[in-house]
Every structure is written in C-alpha cells, then in structure tokens.
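Chemist: sequence and predicted structure are below.
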2 protein chains.
Amino acid sequence: MPRVADHDQRRAQIARAFQRLLAAEGFAGVSFSRVAAEAGISVGLIQHYFTGKDALLRFAYEDAVSRMSRRVRARVHEGEAARLPTAEVLLASLAELLPLDEERNVEYRVRQGLQTQALPHTDLADVARKAGRDLLGYVTAAVGNGVRRGEVEPDVDAVLAARMILATTQGLADQVALSGADTFSAPDLLRRVITTVFADPSTRKTI
Amino acid sequence: MPRVADHDQRRAQIARAFQRLLAAEGFAGVSFSRVAAEAGISVGLIQHYFTGKDALLRFAYEDAVSRMSRRVRARVHEGEAARLPTAEVLLASLAELLPLDEERNVEYRVRQGLQTQALPHTDLADVARKAGRDLLGYVTAAVGNGVRRGEVEPDVDAVLAARMILATTQGLADQVALSGADTFSAPDLLRRVITTVFADPSTRKTI
DNA sequence: GCGGTAGCAATACGACTGTACGATAACGAG
DNA sequence: CTCGTTATCGTACAGTCGTATTGCTACCGC
C-alpha cells in the first residue's frame, strides 16, 4: 500500500483556509487558487480532496456549523457538571453564537455568508436547516427543562419561547458583527431575554 | 444638447436586475453580463451608469435598504393616521422586515447577502451601519412614545428594549427565510415580543 | 436641418476562474 | 530493494470575469 495521508485532517485544513478567506474578504475573495495559497498547498491537492467547488462550500459550511455546535455542547456539559440553573447554561451556550472573539467571528461570518448562497441551493439549504432544527431542538429542550425545574411557568409554549430566544440571539449576533462588541453588552441583553422566559413574572425585572 | 435619459430610473432598473439575480442565485450568480441580460440592456450601458462593480453593489444595497425603510415609514404614517396604539404601529412596521412576500424576500436576501460582503469592505459596511442606526433610532423613538403614552413602564431603557425588539425581528426574518413562512407565525411571535415591552407586567401574558 | 453631445451597443483584452490531466515524489507491502 | 499506489504538484485549457475602448445612433438646441 502506498503512502497515506490523514484525509480528515487535510480536508479540515483546506476548509479552515476557505473560512478564513471568506471571513476576511467576503464571497468575492475566495477561489481555488486563493484557498490553496492560504492553506499552503497546491490547487491540484484541493481537487484531490474535493470533487468541485460545491463540495468544498458544503464541507466548509458543515465544518463551521459543527464546530459551533461542539462549543455549545461543551458549555452545556460544563453547566450541568456545575449544576447551574438552566437559564445560566442556556445563556452560556447561546453566547457561543455571538461573534465575540476571533474564532466565533469567523464562524459567524461563514454561517452568515453561506446562508445567502444556501437559500437558492438545495444542498446548502439542507445544511442550514438541519443546523437550525438542532439548535431549536436544544433550546426547546432547555425551556422544557426549565418548566420541569420550576424555573419556567408551566403554561409557556416551549417551542415558541425557544424560537424567540434563538431569534434574538441571531439578531444580536448580527448587531455585534456590524457595530462591534463594544457598542453594547450583547450577553447582558441576551440574559434579559432569557429572563423574560425563565422567571416568574412577579419577580421579573422590566427591560 | 443631446438626447437625455432618466439616470435615476436607469440606475434603479439595473439595480433591480442585480437584486433579482442575487436573490435567485446567490452571490456567485451575479456578473455584469448576467445583470445586463436580466435588465435587457448591454454591458456597456451598465458601465455608463456605474464606475465599477463596487459602485453597483453599493447602489443596489442602498436601493434595497431605502425601499425597505420607505415601506416602514408608510406603515408608520398609516398607523398614526388611524391613531393606533404604538405597539400596533411598531408591529406593522417591523413586519415589513420579514420576508413574507416576494418583494420583501428579495430585499431580505439582498440585505443578508451584501452584509457578508459588507463586513470586510468599509463603504458597504457604512451603508449597513447607517441602516441599522436608523432602524434602531426609529424603534427607540417608538418605545419612548410608548413610555409617554403609558403603554410602556417608565423605567425601561428605551435603547436596550429597542435593540432587543430589533434583534428578534432580524432573527425571525432569518428563520422565515430558511424554513418558509408557513412553519410558524412570525408576526404572532413578533407581537408577543413587543408585548413583552409594551404592556404592564401584571396583565402581560407569558410566552 | 444640422452640429454635437450623450445614450447605448459591440467588441477587444488581459486576468483569473474552475476543472482536467499528466508528471513526480514518497511511502507501504512484498 | 522494488513495485505499486497514492499524495502532491504543475501546467494546460476553455470559459468568464471586469474593464477599456471604439463607434454608431438618436436627440436637443440653435
């Protein structure tokens, strides 16, 4: 048998280069040759690992989404290990969606940038929809948890509440990306929104 | 003097063609030749009206943003003429940001698609930031109105509340664009969020 | 009606695109 | 060591990109 390479590692290396370029220069700045240069390899090698541009787009998108969701799960496990209230865990994990540091900023821009490209292209849209469903399922479960633990009023519609919390998170991410993380405290705002659901109305502070 | 053409109308015609293409095929689908074909004119004519691709991008972006904001203002004037409660006016005007029909869908995709391109490019980012500021200012004023009219508790931070309402709207727009307008009622959800601010906590329904 | 300017189209051009295709080098199995 | 396979590179190719340039045409002011 011939020489072997770590396919997964190579694909990831290429996808990361693609993501950096997309984040730094937008859609117009990415091409096979640019990606190859950024990754420090030849154009031919990219072809060896991806059948075409569509495949690269899709893989890079999936990679960004899966890294994001891994970070979310990490916050969840930490929070559960520390027996934090559900609301706190939710806040910490949703804050991973905000572009508050460089890594999260790149991931945000990849998600954002490929979403436009995704809406017309069925296969990319599937990736986006699946990511959205997973996230919504997770937040819905968290709200359900809150109900069982008495942190949430029992008559709330968990799916609707989750949709609202998630929508606010995404919108805050847009605002942070546009005007910088210093303009306002997005996590504070996120906490208030979560508190809107995760607290008895009588003790709940107004926004 | 030679023959005259309506520059504004021509520029708008070109920008609309660009927007349709961007919405229908994503960023990769737009080029001068494609735009010219879609607009039913020659490539040379586009050059006659725009100094380069950047100028076209910027104009198309500004056009989409300004049409959106015109629709928002129209809802505001209608609402004021009918002496509706501030919350109702706010709901009607923010619903204009949701991609609920074809026109609004195109505008949403243009805003979304150019935002990624905007983040690295200073001049496009300026357009996006200005649009964000205007919208935030409008919603903040609406909340202030609510306070003065007694629809909103006097101790709320108008800017923060506006930021939250706006963020939720943007996030809901993403969700609608991704999974279709039939999956859930985004306006209903939007109404609930607005109600979170525009109602006495004691009478406020839980989500 | 006629001169001249602006509207508009057509084409030419170099750069770059994504993909196809060999050539070369490195390594595992025998 | 050697053979065979594959990782990797380099280049070639047809097409498209954005832009520069040229020329025709329709119209306004005189």
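Modeler: Structure's in. What do you need? The model shown is predicted, which means the values in this text are computed figures rather than measured ones. Residues are numbered from 1 along each chain as shown, chains lettered A, B, ... in the order given.
Chemist: what's in contact with stretch A:49-58?
Modeler: A:7, A:10-11, A:14-15, A:18, A:32, A:35, A:46, A:59, A:114, A:117, A:121, A:123-124, A:127 (Cβ atoms under 8 Å, 6 or more residues apart in numbering or on different chains). Where C-beta positions appear, they are placed from N, C-alpha and C, glycine not excepted.
Chemist: and if you look at stretch A:156-167?
Modeler: With Cβ under 8 Å, 6+ apart as the test, stretch A:156-167 has contacts from A:90, A:94, A:135-136, A:139-140, A:142-144, A:147, A:152, A:193-194, A:197, B:167-172, B:174-175, B:184, B:189, B:192-193, B:206-207.
Chemist: returning to that earlier point: in strands, which of the contacts of stretch A:49-58 fall?
Modeler: Judged by DSSP state E, the subset of the contacts of stretch A:49-58 located in strands is empty.
Chemist: whichever of the residues you listed end up buried, select them in PyMOL.
Modeler: Paste this into PyMOL to select the buried members of the contacts of stretch A:49-58, with burial taken from 16 or more other Cβ atoms under 10 Å in any protein chain shown:
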select buried, chain A and resi 10+11+14+15+18+32+35+46+59+114+117+121+124+127
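Chemist: so which of the contacts of stretch A:49-58 also contact DNA strand C?
Modeler: When contact is defined as Cβ under 7 Å from any atom of the strand, the contacts of stretch A:49-58 meet DNA strand C at A:F32.
Chemist: ok, so of the contacts of stretch A:49-58, who is nearest A:S69?
Modeler: Of all the contacts of stretch A:49-58, A:S69 sits closest to A:V127, with 11.8 Å by Cβ to Cβ.
Chemist: surely that closest one meets A:Y61?
Modeler: Yes - counting by Cβ atoms under 8 Å, A:Y61 is a contact partner of A:V127 at 5.3 Å.
Chemist: what touches both of these two?
Modeler: A:A118.
Chemist: out of the contacts of stretch A:156-167, which are inside helices?
Modeler: When DSSP state H is applied, those are split such that A:90, A:94, A:135-136, A:139-140, A:142-144, A:147, A:193-194, A:197, B:167-172, B:174-175, B:189, B:192-193 fall in helices.
Chemist: how about the residues of chain A by DNA strand D?
Modeler: Counting by Cβ under 7 Å from any atom of the strand, chain A sits next to DNA strand D at A:1-5, A:7, A:10, A:41-45, A:47-48.
Chemist: and the pLDDT for A:I207?
Modeler: A:I207 is assigned a predicted lDDT (pLDDT) of 52.
Chemist: revised request: answer the last question for A:V4.
Modeler: At A:V4, the model reports a pLDDT of 76.
Chemist: give me the neighbour count for A:P187.
Modeler: By other Cβ atoms under 10 Å in any protein chain shown, 17 other residues sit near A:P187.
Chemist: before we move on, the earlier item: which among the contacts of stretch A:49-58 gets closest to B:R73?
Modeler: So of the contacts of stretch A:49-58, ranked by how close each gets to B:R73 (Cβ to Cβ), first place is A:Q117, at 31.3 Å.
Chemist: quick one: contacts for the closest residue to the closest one other than its chain neighbours?
Modeler: Nearest residue to A:Q117 in three dimensions, chain neighbours excluded: B:G26, at 4.1 Å (Cβ to Cβ, 6 or more residues apart in numbering or on different chains). For B:G26, the contacting residues are A:T116, A:Q117, A:A118, A:L119, A:P120, A:H121, B:G113, by Cβ under 8 Å, 6+ apart.
Chemist: and if we set it to 10 Å?
Modeler: Residues in contact with B:G26 (Cβ atoms under 10 Å, 6 or more residues apart in numbering or on different chains) are A:F27, A:L114, A:Q115, A:T116, A:Q117, A:A118, A:L119, A:P120, A:H121, A:L124, B:R109, B:G113.
Chemist: how about those in CSV, adding distance to B:G79 and pLDDT?
Modeler: CSV is the format used below for these (distance: Cβ to Cβ, whole Å; pLDDT from 0 to 100):
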residue, distance to B:G79, pLDDT
A:F27, 38, 94
A:L114, 37, 93
A:Q115, 32, 90
A:T116, 31, 86
A:Q117, 36, 91
A:A118, 35, 93
A:L119, 31, 92
A:P120, 35, 91
A:H121, 38, 94
A:L124, 38, 95
B:R109, 27, 96
B:G113, 30, 93
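Chemist: which one of those residues is nearest DNA strand D?
Modeler: When those are ranked by distance to DNA strand D (Cβ to the nearest atom of the strand), A:F27 comes first, at 11.4 Å.
Chemist: what residues does chain A have near DNA strand C?
Modeler: A:1-4, A:30-34, A:43-44, A:47, A:52-54.
Chemist: residue boundaries of the helices in chain A?
Modeler: Going by DSSP H, chain A shows helices at A:7-25, A:32-39, A:43-49, A:53-81, A:86-94, A:102-118, A:122-149, A:158-179, A:186-197.
Chemist: mind giving me CSV with those helices and columns for distance to B:L100?
Modeler: Listed next are the helices of chain A as CSV, based on distance: least, Cβ to Cβ, whole Å:
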stretch, distance to B:L100
helix A:7-25, 29
helix A:32-39, 37
helix A:43-49, 40
helix A:53-81, 26
helix A:86-94, 26
helix A:102-118, 18
helix A:122-149, 18
helix A:158-179, 15
helix A:186-197, 23
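Chemist: any weak-confidence spans in chain A?
Modeler: A:1, A:200-207 (pLDDT under 70).
Chemist: run a quick neighbour tally on A:R20.
Modeler: Close neighbours of A:R20, defined as other Cβ under 10 Å, add up to 17.
Chemist: would you confirm that A:L84 contacts A:A142?
Modeler: No - A:L84 is beyond contact range of A:A142, at 11.7 Å (criterion: Cβ atoms under 10 Å).
Chemist: so between the two, which is more surrounded?
Modeler: Neighbour count, other Cβ under 10 Å: between A:L84 and A:A142, A:A142 has more, with 25 against 15.
Chemist: what's the spacing between the closest residue in space to the more buried one that isn't next to it in sequence and B:F184?
Modeler: Sequence neighbours aside, A:L90 is the residue nearest to A:A142 in space, at 4.8 Å (criterion: Cβ to Cβ, 6+ apart). Separation of A:L90 from B:F184 (Cβ to Cβ, to the nearest Å): 20 Å.
Chemist: alright, that wraps it up for me.
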